[in-house]
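Participant: this one's sequence-less:
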């Protein structure tokens, strides 16, 4: 299986290199063929690995390919850990990425950067695979940084736009904050365990559960708490949790295919996967789990509210991603790692579907993204409408869809959790169900139903997207409908993840209570119809119908009545303003001060220009001695002779 794993990671890399460096020899058509083929091979082989590890119950593979570096008695390896968690992530990442590659052929057809884009997205897939397949923290960090670099390139792909350059720089800098904490967490692991290999670290961790360290005198801290919180800071950056969420909405400046790839299967899922992989560490710190749970609940609720005031179709879906990532994070904090990864998997399919459907709408609308200029698109884009409806129903957790099984599992897990802060997390997740349904069907009704608000020219040329665009939509709609029903039994009620996820005794009891007995998919659906999440979702849909179809004047009246709240939401709670004033403005202020005092004042004023002025002054003095008059020189000789005579007399012995 080691050879299969090598082919899985190298196939997208080879495609990326051929597309990026092949130039005219590969050509536009060749660039999409080599990358689609490379990711397709990776997906097919991932299915083979999945069937062996998950379905065939082969033992996990933990193998080092080679030693990259040895220093101070510590060896740093490149290797693979293939277990149930890894195999699941591999299939999700490669399938969604493959669909995005195919979709890109139609979406980026006329773009001059066609080859470059295919090279980047294939490289993105390679980076994410290296991250999820790693068996040590060093390789994890390589994949972690690689997805960050490629996301920087892709968000700013249209580099002629100032907004794109601002967005990719923002993403890069915010993630550097998270990655600094992540790197400190890895350093703490190396310091305490003497190795970065997962197996060795996880084996040693229980013996360090009671170990404390002193960050400042007189205040001991739990080693596991400090380590896990630092690691989670990295996850907050990658998976866009409050307050390191600000980069994700602006990532919409990149082309739609990369929005789907970032938000569904690659970068933002890295943090969720990492925390689940580190469950043997997080289970040793209730404090760290509490931080994770509360941050997740806050993100789920408050980021969902922001979607209500967005008019850009892609930004609504982007804030939805933030909210859903909050659900996953809350589940991790409740030690419901299986539910978190289950929702990660289902969310990958329906969120990729929603982004690609939004891209299909944008194509039909000649790159118009404002939902206020749409309406009635159902009859022009029937396939896009139907697949978008499927994704929307999955997003709100409509019974029977994929999102229903995974989201309800998270809400129930947080409700049953005994982790401090669980009550806050449960309330936030529960209310977010209503908010999610409201903004989701606000989008559906404004875009596909009601009055047609586009201009006459656009209306005349509206038609369904080509097959290369809508076929991936259909392919993603199928798992968005059925994958939840297929996976809920083994993942939530069974021992699907085996030893790849660790639970301590107290949390195992809560998860056992969550699972209970499995009475079939139909029983779960019937039970769900009686639970608060279903009725809150239906209330959200009904509210959206009333406000945006039946009585379109209501939102304006509510907005006027709640003007202060609306301004807060439109200002995104002031995070961007604060960052611009405190961090960006503060950094510019410090830079200006250093420039004036250091560069202009000290370096230019004193060292460079000051020394030049000193030489000039001294030259003026010396130039005055070179008058050209003989009596001046004779007088100088006499003065010199008198000075020498004075010295001679002074030195004579008495």
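Facilitator: The structure has been received and is ready for your questions. Just so we're clear, the structure is a prediction, and the values are computed from it rather than from any experiment.

Participant: next structured bit after whichever strand or helix holds residue 567?
Facilitator: Assessed by DSSP states H and E, residue 567 sits inside helix 563-570. Moving toward the C-terminus from helix 563-570, the next helix or strand (DSSP H and E) is helix 575-578.

Participant: same question for that following helix, mean pLDDT?
Facilitator: Per-residue pLDDT values over helix 575-578 give a mean of 83.

Participant: residues in contact with the residue nearest to residue 396 when sequence neighbours are not counted?
Facilitator: Distances taken as Cβ to Cβ, 6 or more residues apart in numbering place residue 437 nearest to residue 396, at 4.3 Å, with adjacent residues excluded. (C-beta placed from N, C-alpha, C; glycine too.) Shown in contact with residue 437 (Cβ atoms under 8 Å, 6 or more residues apart in numbering): 396, 536, 537, 538, 539, 540, 541, 543, 544.

Participant: name the element residue 14 belongs to?
Facilitator: Going by DSSP H and E, residue 14 is in helix 2-21.

Participant: ok, then the element right after that helix?
Facilitator: helix 27-50.

Participant: Verify the contact between residue 278 and residue 228 for me.
Facilitator: Yes - here residue 278 reaches residue 228: they are 7.2 Å apart, a contact under Cβ atoms under 8 Å.

Participant: residue boundaries of the strands in the stretch 201-350 of the chain?
Facilitator: 212-216, 219-222 (DSSP state E, counting those that start in this stretch).

Participant: For those strands, give me TSV that also has mean pLDDT, distance to residue 519 and mean neighbour count.
Facilitator: Formatted as TSV, these follow (pLDDT from 0 to 100; distance: least, Cβ to Cβ, whole Å; neighbours: other Cβ atoms under 10 Å):
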stretch	mean pLDDT	distance to residue 519	mean neighbour count
strand 212-216	82	46	10
strand 219-222	86	41	14
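
Participant: Take those and lay them out in JSON lines including distance to residue 31.
Facilitator: Shown next, in JSON lines, are those (distance: least, Cβ to Cβ, whole Å):
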{"stretch": "strand 212-216", "distance to residue 31": "51"}
{"stretch": "strand 219-222", "distance to residue 31": "51"}
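
Participant: quick one, which of those strands is nearest to residue 421?
Facilitator: Relative to residue 421, the nearest member of the strands of the stretch 201-350 of the chain by Cβ to Cβ is strand 219-222, separated by 17.2 Å.

Participant: Pairing partners for that closest one, with directions?
Facilitator: Looking at strand 219-222 with DSSP bridges, its partner strands are strand 212-216 (antiparallel).

Participant: How about residues contacting the strand it pairs with?
Facilitator: Strand 212-216 is contacted by residues 220, 221, 222, 223, 226 when judged by Cβ under 8 Å, 6+ apart.

Participant: residue boundaries of the strands in the stretch 401-550 of the chain?
Facilitator: Using DSSP E, counting those that start in this stretch, strands in the stretch 401-550 of the chain do not occur.

Participant: burial of the closest residue to residue 494 other than its chain neighbours, as a residue count?
Facilitator: Spatial nearest neighbour of residue 494, excluding adjacent residues (Cβ to Cβ, 6+ apart): residue 518 at 7.5 Å. The local packing of residue 518 (other Cβ atoms under 10 Å) involves 14 other residues.

Participant: go on, residue 450?
Facilitator: Neighbours of residue 450 using other Cβ under 10 Å come to 17.

Participant: doesn't residue 549 make contact with it?
Facilitator: Yes - counting by Cβ under 8 Å, residue 450 touches residue 549, with 5.4 Å between them.

Participant: before we move on, back to that, model confidence at the residue nearest to residue 396, what's the number?
Facilitator: 96.

Participant: How much space separates it from residue 351?
Facilitator: Using Cβ to Cβ, to the nearest Å, residue 437 is found at 16 Å from residue 351.

Participant: what's the answer for residue 445, then?
Facilitator: Noted for residue 445: a distance of 20 Å to residue 351, by Cβ to Cβ.

Participant: likewise residue 340?
Facilitator: 15 Å.

Participant: And for residue 336, the neighbour number?
Facilitator: Residues near residue 336, counting by other Cβ under 10 Å: 28.

Participant: So for it, what's the pLDDT?
Facilitator: 91.

Participant: Which residue, neighbours along the chain excluded, lies closest to it?
Facilitator: Per Cβ to Cβ, 6+ apart, closest to residue 336 is residue 413, 3.4 Å.

Participant: Pull the number of nearby residues for the one you found.
Facilitator: Neighbours of residue 413 under the rule other Cβ under 10 Å: 29.

Participant: Run a quick check on it versus residue 332, I expect a contact.
Facilitator: No - using Cβ under 8 Å, residue 413 is not in contact with residue 332, being 10.0 Å away.

Participant: any idea which helix is longest in this structure?
Facilitator: helix 162-193 (DSSP state H).

Participant: Now do that helix against strand 212-216, angle only.
Facilitator: 130 degrees (axes from the mean of the first three to the mean of the last three Cα atoms, to 10 degrees).

Participant: Selecting buried members of the contacts of residue 437 in ChimeraX, what would you type?
Facilitator: Here is the ChimeraX command that selects the buried residues among the contacts of residue 437 (16 or more other Cβ atoms under 10 Å):
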select :396,536,537,538,540,541,543,544
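
Participant: follow-up on the earlier one: kindly provide the distance from the residue nearest to residue 494 to residue 491.
Facilitator: Taken as Cβ to Cβ, the span from residue 518 to residue 491 is 11 Å.

Participant: And residue 413, by the same measure?
Facilitator: Remark: distance between residue 413 and residue 491 (Cβ to Cβ) = 12 Å.

Participant: Could you name every residue contacting both of those two?
Facilitator: With Cβ under 8 Å, 6+ apart, residue 413 and residue 491 have common neighbours residue 339.

Participant: pLDDT weak spots in the stretch 1-150 of the chain?
Facilitator: For the stretch 1-150 of the chain, no stretch has pLDDT under 70.

Participant: I'd say residue 128 and residue 274 touch.
Facilitator: No - the pair residue 128 / residue 274 is not scored as a contact, 11.9 Å apart, by Cβ under 8 Å.

Participant: And the two? Which one has more around it.
Facilitator: Set side by side, residue 128 and residue 274 show more neighbours around residue 128, with 30 against 24, by other Cβ under 10 Å.

Participant: Kindly provide the distance from the residue positioned nearest the centre of the chain to residue 171.
Facilitator: Nearest to the geometric centre of the chain sits residue 268, at 3.0 Å (Cα atoms, centre = their mean). The gap separating residue 268 from residue 171 is 11 Å, by Cβ to Cβ.
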